[in-house]
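K.L.:
Based on what follows, work out the 3D shape:
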Amino acid sequence: MHKITILDCTLRDGEQAPGVFFTHKEKLAIADLLDAAGVGMIDAGMPSVSEDERATLRALSSRGYRAVVAGTVRALNHDIDLAIDCGLSDVFLFMPVSVQHLRHKFGMTLQQVRPKIEAAVEYAVGKGLRVHFVAEDTVRSNIKELAPILDQVTELGAASIMICDTVGVMLPNQLQRFIEGLTERLSSEVELGIHCHNDYGLATANTIAAVGAGCTIVSGTINGLGERAGNAALEEVVCALENLCGLGVGIKKPLLMELCEKVARASGVFVMPTKPVSGLNVFRHESGVHVDGMLKDLSTYESINPVPLGREHEFVLGKHGGTGLIEKLLAGRNIYTSHETLLRILERVKRAKVERDKAEFDVVGNMLDRFWARHLSFSEEEFWQIAMRELALDIDSSVA
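P.N.:
As a prediction, this is how the structure comes out:
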């Protein structure tokens with residue numbers, strides 16, 4: 001197995017989540033943490049988006065990171081020139097390769113866009129850029145048609161090929177077979193990367209399967225932030241690669257948790273308690289059976305060690321608790337009592353929990369609804385206010 005490169009796309013694909021945007025300051029802070037955590041590459045944004053985006057890319061490219069700072073560009077010379085102007089050394093040059101995308105977006109076939117792909121790669125390489133060709137919607141393409149194009153892209157100097165499950169439709173075994181089939185048809189050796197979306201909740205599993213099939217550039221976003229249901233969550237992928245696959249990826253895990261918190265607050269997309277690896281409840285236990293097992297051996301109900309993540313085991317009192325936790329808490333203060341007393345205390349604890357007023361749940365739920373409507377959307381009313389003001393200026397200027 002070759003060295004795995006962790007590619008973070010939070011600043012680009014993560015920010016493309018509907019309603020999400022990061023300020024210049026937030027992008028720098030997130031990128032600083034990504035670099036400190038040991039991420040190998042950062043997809044920092046698209047130069048074509050705006051001058052503000054380009055200013056951020058220039059700042060990031062001059063920051064002296066160990067990580068490679070890259071930008072995402074279309075197969076257009078203009079986009080490539082903008083990336084160069086931002087001081088970037090690497091670009092993710094993307095073009096759709098599936099029938100669905102090419103037909104509906106461009107009214108073209110793969111063979112018809114092939115010259116455009118090859119010309120853009122040749123232009124970017126000729127300008128001194130390290131090119132990573134992103135075959136958008138790879139998994140819904142025709143391998144027989146795609147392989148020769150990828151070979152030519154490699155011959156023209158592309159450093160890697162990114163395989164994309166753009167709409168999250170693959171099962172892990174299907175993706176592994178797809179990548180193996182594609183690899184068999186490639187005549188040129190080239191590094192392969194993987195970029196998975198999470199529409200069916202399979203992005204992390206698919207990413208791990210892709211590594212098993214030979215992909216060595218592994219992309220993801222913090223908290224799985226991204227288009228629609230998001231991307232593979234970087235923190236999940238890192239833990240799975242290290243704990244389940246035995247592949248060291250050189251990521252400082254305590255910083256992953258700091259990143260999860262920072263990205264959640266900057267994006268307004270907050271982490272659910274049940275979110276793998278970073279969620280509040282991942283290392284917390286209430287059920288009496290679980291707590292009893294954990295008190296005897298931590299491996300009974302946890303497969304991830306919280307310590308490297310800067311977290312710890314927690315036990316929670318509640319409706320499903322048992323006497324084991326009550327006994328442990330009392331013993332912590334050198335208090336020992338009968339089993340009957342333990343049962344009485346437990347019964348009072350359970351009653352106190354279930355008698356709590358849940359009206360606040362609706363309050364918080366309504367508050368989140370309002371928050372997301374305001375900050376993860378852009379109302380038509382606000383749009384029309386802006387549009388009508390600008391249209392009125394046109395009318396005034398024409399009359400004058």
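
K.L.:
In the stretch 251-400 of the chain, where is pLDDT below threshold?
P.N.:
Counting by pLDDT under 70, the ranges of the stretch 251-400 of the chain that qualify are 399-400.

K.L.:
so where do the strands sit in it?
P.N.:
284-285, 314-315 (DSSP state E, counting those that start in this stretch).

K.L.:
In stretch 234-243, which residues are buried?
P.N.:
Leu234, Glu235, Glu236, Val237, Val238, Cys239, Ala240, Leu241, Glu242 (16 or more other CB atoms under 10 Å). For glycine as for every other residue, the C-beta is placed from the backbone atoms N, C-alpha and C.

K.L.:
Any chance of CSV for those, columns distance to Ala29, secondary structure and pLDDT?
P.N.:
Converted to CSV, these look like this (distance: CB to CB, whole Å; DSSP: H, G, I helix; E, B strand; the rest coil; pLDDT from 0 to 100):
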residue, distance to Ala29, secondary structure, pLDDT
Leu234, 16, helix, 98
Glu235, 17, helix, 98
Glu236, 22, helix, 98
Val237, 22, helix, 98
Val238, 20, helix, 98
Cys239, 23, helix, 97
Ala240, 26, helix, 97
Leu241, 26, helix, 97
Glu242, 25, helix, 96
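
K.L.:
Quick check: which of the strands of the stretch 251-400 of the chain is nearest to Gln176?
P.N.:
strand 284-285 (34.0 Å; CB to CB).

K.L.:
Could you check how far that closest one is from the centre of its chain?
P.N.:
Offset of strand 284-285 from its chain centre (CA atoms, centre = their mean, to the nearest Å): 26 Å.

K.L.:
Strand partners (parallel or antiparallel) of it?
P.N.:
strand 314-315 (parallel) (DSSP bridges).

K.L.:
Touching the partner strand from outside, list them.
P.N.:
Strand 314-315 is contacted by residues Phe283, Arg284, His285, Glu286, Val291, Met294, Leu325, Lys328 when judged by CB atoms under 8 Å, 6 or more residues apart in numbering.

K.L.:
How far does stretch 328-341 sit from its chain's centre?
P.N.:
With CA atoms, centre = their mean, you get 45 Å for stretch 328-341.

K.L.:
Stretch 17-25 now?
P.N.:
14 Å.

K.L.:
next one: stretch 234-249
P.N.:
The answer for stretch 234-249 is 15 Å, by CA atoms, centre = their mean.

K.L.:
Let me know the secondary structure of Leu93.
P.N.:
Put simply, Leu93 is strand when judged by DSSP: H, G, I helix; E, B strand; the rest coil.

K.L.:
Pull the contacting residues for it.
P.N.:
Val73, Arg74, Ala75, Ile80, Ala120, Val121, Ala124, Val131, His132, Phe133, Val134, Ala158.

K.L.:
now, which of these sits nearest Leu393?
P.N.:
So of these, ranked by how close each gets to Leu393 (CB to CB), first place is Arg74, at 31.6 Å.

K.L.:
For Lys127, see how far away that closest one is.
P.N.:
In this view, Arg74 and Lys127 are 15 Å apart by CB to CB, to the nearest Å.

K.L.:
cool, Gly87 as well?
P.N.:
13 Å.

K.L.:
where's the closest residue to Ser48 other than its chain neighbours, which helix or strand?
P.N.:
Among residues not flanking Ser48 along the chain, Asp79 sits closest, at 5.1 Å (CB to CB, 6 or more residues apart in numbering). Asp79 is part of helix 77-85 when elements are defined by DSSP states H and E.

K.L.:
ok, back up a step: any idea which of the strands of the stretch 251-400 of the chain is most buried?
P.N.:
The highest mean neighbour count among those, using mean count of other CB atoms under 10 Å, belongs to strand 284-285: a mean of 20.

K.L.:
how close does His101 sit to Gln174?
P.N.:
Taken as CB to CB, the span from His101 to Gln174 is 19 Å.

K.L.:
for Asp35, same thing?
P.N.:
35 Å.

K.L.:
Just give me the neighbour total for the nearest residue to Gly212 once chain neighbours are set aside.
P.N.:
Spatially, and ignoring its direct neighbours in sequence, Gly212 is nearest to Gln176 (5.9 Å; CB to CB, 6+ apart). Neighbour count for Gln176, taken as other CB atoms under 10 Å: 20.

K.L.:
List the contacts of Gln176.
P.N.:
Neighbouring residues of Gln176 by CB under 8 Å, 6+ apart: Ala209, Ala210, Gly212, Ala213.

K.L.:
Now list the buried members of those.
P.N.:
Ala209, Ala210, Ala213.

K.L.:
tell me the SS of the first one?
P.N.:
State at Ala209, reduced to three classes by three-state DSSP: helix.

K.L.:
how much space between the residue nearest to it when sequence neighbours are not counted and Pro47?
P.N.:
Nearest non-adjacent residue to Ala209, counting by CB to CB, 6+ apart: Pro172, 3.7 Å away. From Pro172 across to Pro47, the span is 34 Å (CB to CB).

K.L.:
And for Thr221?
P.N.:
Thr221 sits 19 Å away from Pro47, going by CB to CB.

K.L.:
what's the answer for Val73, then?
P.N.:
Applying CB to CB, the value for Val73 to Pro47 is 7 Å.

K.L.:
Perfect, I'm done here.
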